[in-house]
Each structure stands twice: as structure tokens, then as C-alpha cells.
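Chemist: structure for the following, please:
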Amino acid sequence: MNITITDKAAKFITRMIRFNGGTANSGFRLVVTPGGCSGFNSSFSVETTPLQGDAVLDNNGVKVFLPAESRILLDGVTVDFADTAMSTGLSFINPNAQSCACSSASTGAPPQSATISIASIQRRH
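Modeler: Numbering: from 1, shown residues only. I've put the predicted structure just below:
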């Protein structure tokens, strides 16, 4: 897997694992599928173990669980974290992506930058 996770993204992922009651063995399951104007639909959850078929990306002790399709779409991508006035969340930077013109026709290619907003995060009870 050729996926880079920046220090800022790793810190965010660690916080999300703790926020959701995760343990030292828990990981951040990142699911990315083609779709939407940006070329990505994405979601994440905190899991105690990877699901069947998930690969584990260990970034200095931060575990990211990636299903097969997500690994393919994220190949060569840098996962970063941005906190700006306009948005807060994970950003995916793909230097080889084609730009998206936001038409009804989607190429399914990963965007140059896409964001997962943290606004919809809910704590597990």
C-alpha cells in the first residue's frame, strides 16, 4: 500500500479512536468508494478489530483498517487533516487525480482533494 498519513491526520485519528472509547488495539476503519462530485464517498468508524478482508496500515502505532476497494482508491494518496474556517476533517490529496467539473457525469477518479467532515461524528454509547 502506498498511502501516506500525515502527523496531523494521525493525531486526529488517535483522538477519534479515544473519543469513541477505543482501546490500544482499536483502529480507524476508513471506507472510500467512488461517487459524488468530488469522486469520493467516504466514511469512518472506530473498530476493535479489522473486518474480514481489511488490511491494517500501522502508522507509528495508529491503526487504520482499509477494505480492498478503499486501498485501491487511496493508492498514492496522502491523508491529511485540515481545520479551517470553511471545513474541518480529513483531506485526501492525490497528485495524480483528474480535476472534477461537478457535472452529473462522474469519472470515479479520486479527486485532488476531498474532505470528510467531523460535523457528523457521534459518540458511541
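
Chemist: quick one: what helix or strand has Arg15 in it?
Modeler: According to DSSP states H and E, Arg15 maps onto helix 7-19.

Chemist: and after that helix, which helix or strand comes next?
Modeler: The helix or strand immediately downstream of helix 7-19 is strand 27-34, counting by DSSP H and E.

Chemist: just give the nearest non-adjacent residue to the most centrally placed residue in the chain, would you?
Modeler: Residue closest to the average C-alpha location in the chain (Cα atoms, centre = their mean): Leu30, at 4.8 Å. Take Leu30 and drop its neighbours on the chain: the residue closest to it by Cβ to Cβ, 6 or more residues apart in numbering is Phe44, 5.0 Å away. All C-beta spots, glycine's among them, are computed from the backbone N, C-alpha and C.

Chemist: the one you found: what's it in contact with?
Modeler: By Cβ atoms under 8 Å, 6 or more residues apart in numbering, Phe44 lies in contact with Met16, Phe28, Arg29, Leu30, Val31, Leu90, Ile116.

Chemist: any idea how far Met86 is from the fifth one?
Modeler: It stands for Val31. To Met86, Val31 is 24 Å away according to Cβ to Cβ, to the nearest Å.

Chemist: what's the spacing between whichever strand or helix holds the residue nearest to Leu30 and its chain's center?
Modeler: Taking DSSP H and E as the criterion, Phe44 maps to strand 40-47. Put simply, strand 40-47 sits 6 Å off its chain's centre (Cα atoms, centre = their mean, to the nearest Å).
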